[in-house]
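Peer 1: Using only what follows, build the 3D model:
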Amino acid sequence: MTDEADPELVEAISQRLDALRDRIARAGGEHVTIVGVTKRHPIGVLRAAMAAGIADLGENYAQELVEKSELLTGDRPRFHFIGQLQTNKVRLVAPIASVIQTVDRPALVDALVRRAAGATVMIQLDLAGIAGRGGCAFDDAPGLVSMATGAGLSVIGLMGVARPALSKSDRILARTSFERLRGLADELGVAEVSMGMSDDLEEAVGAGSTMVRVGSALFGPRM
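Peer 2: Numbering: from 1, shown residues only. Okay, here's the model as predicted:
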């Protein structure tokens, strides 16, 4: 099997990518990296995304990341791991992911140091207070950044997921949490802030996001 992309799918994604870039520009964003979230999408979507010019792709599940990586025989994306990472799955993710965005506890730092010394990571913070989402508390983030950096990991920034933006008040809360995350990144001296998805992109970009994680607005419904 080759890595040839479906031309019609490439065109559809290209049009959505143009619309997404326009949304980012209208929200005041400059130099914002778009991470196309391809979890639960077939390998053809990844091929088409790369052909459309999306160099950064996000995956949430370790085994799915491994399987998709093995199916790509040509050019490869910069994979971002954006799901909750169990310590026993570090051995699967670390050799493939260019950036692991969801480091949120000391045990995970330790596992990465053992399996992937020098790995590029982001520290995930809990913006939503929703069980199962992952992320450390704001008060714990400076210590975790210091620990990870001191252990030799390359901490390039912070990551956060806001509550679903279902109403105007949700959007106001999202904007506030994004601004807090941006402020902490500035205090800690890290350059990247990964925040904002299809439904709350404007709030995130307006608050200073440098990296957005977008799935449905680029690729449509998942399998």
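Peer 1: list the contacts for residue 98?
Peer 2: Shown in contact with residue 98 (C-beta atoms under 8 Å, 6 or more residues apart in numbering): 78-80, 120. Placement of C-beta: from N, CA and C, glycine included.
Peer 1: so what's it scoring on pLDDT?
Peer 2: With respect to pLDDT, residue 98 scores 98.
Peer 1: next one: the one 5 residues further on
Peer 2: Reading off the per-residue confidence, residue 103 sits at a pLDDT of 98.
Peer 1: Tell me where this protein is predicted with low confidence.
Peer 2: By pLDDT under 70, the low-scoring segments of the chain are 1-2, 223.
Peer 1: Show me what counts as buried in stretch 26-38.
Peer 2: With burial defined by 16 or more other C-beta atoms under 10 Å, the residues of stretch 26-38 counted as buried are 27, 29, 32-38.
Peer 1: Can you lay out these as TSV showing secondary structure and distance to residue 17?
Peer 2: Shown next, in TSV, are those (DSSP: H, G, I helix; E, B strand; the rest coil; distance: C-beta to C-beta, whole Å):
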residue	secondary structure	distance to residue 17
27	coil	16
29	coil	14
32	coil	13
33	strand	13
34	strand	7
35	strand	12
36	strand	8
37	strand	13
38	coil	13
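Peer 1: now the contacts of residue 98: which count as buried?
Peer 2: 79-80, 120.
Peer 1: Tell me where this structure has helices.
Peer 2: 7-26, 43-51, 62-71, 90-93, 106-115, 141-150, 168-188, 201-206, 216-219 (DSSP state H).
Peer 1: And the contacts of the third one?
Peer 2: The contact list for helix 62-71, computed with C-beta under 8 Å, 6+ apart, reads 1, 38-40, 43, 46, 59, 76, 79, 81, 83, 85-86, 89, 92-93, 96-97.
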